[in-house]
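**Q** could you work out the structure for the sequence below:
(chains A and B)
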Amino acid sequence: MSQPAISKHLKVLERAGLVSAARDAQRRPRRLEAKPLGDASEWLEGYRARWEAQFQRLDALLSELQARKTNTHTKTKRGPTKRGRTKSRRRLP
Amino acid sequence: MTKAGALVVTTPSDREILMTRVFGAPRQLVFDAFTKPDLVRRWLLGPDGWTMPVCEIDLRVGGRYRYVWRNEKSGKEMATGGVFRDVAAPARLVNTEKFEDPWYPGEAIVTTTFEEERGRTTVRQSMRLESREIRDGILKSGMESGVERSYERLEEELAAQEAKR
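**A** Next up, the predicted model:
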């Protein structure tokens, strides 16, 4: 990688707050700023956890709907109903 | 790989969040659960203690949807809504999303695809934001609400401890 390319990359990282630069005569020693990265991955993990909790509720709903379908086909000729009677009829897989 | 469970979240670009999740059900059923109000309000509830008193979905191109969540304890409400840009049941949905609460300005474009393989359905949902400013706003609000929830939990915990004494 060329020197200008390295400088360009470092500038991008600096703008993103992931690297900071000090000044020492001609040198510009850089320091890695890990906190924003940590914040970002923490945020993503929180986001993932919140959605995963919802999707686990959806898993339960989907198996309930599938059980209802099976029950409707094998036990009664009644079509799908809107009444909340599924809980008592729920079967474990 | 079509193992159910384990949500994967990635950021393909600096303005996009992609969620991938496999469900152990045929895609018509999964699609219904994402688009029929009486099913959506059973699972899209956010953290414990929240309900979804408003869930309106007009599932056609140009149709609108609107969701309102309420915290039963505090009475606090949150709302979001948007317009469907593409509806290809049961394979694909594209909609705009805008939070009414000033969580972030501007809109996001949400694209959801449903792919079935051997009775299991892979859902991929991409949320693409208009600008980096919007993304930064969301990052900020997410952290704040995360902190707020922790405080709420702490409060509950303290109240429980108090009650024990």
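
**Q** chain A versus residue B:16, what's the distance?
**A** Distance, residue B:16 to chain A, by C-beta to the nearest C-beta, to the nearest Å: 12 Å. In short, each C-beta sits where N, CA and C put it, glycine included.

**Q** let me fix that, I meant to ask about residue B:71.
**A** 15 Å.

**Q** and the helix or strand harbouring residue B:121, what's buried?
**A** Residue B:121 is part of strand B:120-129 when elements are defined by DSSP states H and E. Neighbour-count burial for strand B:120-129 flags B:120, B:121, B:122, B:123, B:125, B:126, B:127, B:128, B:129 (criterion: 16 or more other C-beta atoms under 10 Å in any protein chain shown).

**Q** what's the average pLDDT for that strand?
**A** Here strand B:120-129 scores 94 as its mean pLDDT.

**Q** and for stretch B:39-51?
**A** pLDDT averaged over stretch B:39-51 gives 89.

**Q** now it: how far from the chain's centre is it?
**A** Here stretch B:39-51 is found 10 Å from its chain centre; the criterion is C-alpha atoms, centre = their mean, to the nearest Å.

**Q** list the contacts of that stretch.
**A** A:50, A:53-55, A:57-58, A:60-61, A:65, B:32-34, B:52, B:55, B:57, B:67, B:69-73, B:78, B:149 (C-beta atoms under 8 Å, 6 or more residues apart in numbering or on different chains).

**Q** kindly list the longest strand within chain B.
**A** Criterion DSSP state E: the longest strand present in chain B is strand B:77-88.

**Q** so which elements touch that strand?
**A** With contacts taken as 3 or more C-beta pairs under 8 Å, 6 or more residues apart in numbering or on different chains; DSSP states H and E, strand B:77-88 sits against strand B:64-71, strand B:92-99.

**Q** got the buried residues for that strand?
**A** Going by neighbour count (16+ other C-beta under 10 Å), the buried part of strand B:77-88 is B:78, B:80, B:81, B:82, B:83, B:84, B:87.

**Q** ok, back up a step: let me have the buried residues of strand B:120-129 in TSV, adding distance to chain A as columns.
**A** Shown next, in TSV, are those (distance: C-beta to the nearest C-beta, whole Å):
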residue	distance to chain A
B:120	11
B:121	9
B:122	12
B:123	9
B:125	9
B:126	13
B:127	10
B:128	15
B:129	13
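
**Q** what's the closest of the residues you listed to residue A:45?
**A** Nearest to residue A:45 among the buried residues of strand B:120-129: residue B:127, at 16.6 Å, using C-beta to C-beta.
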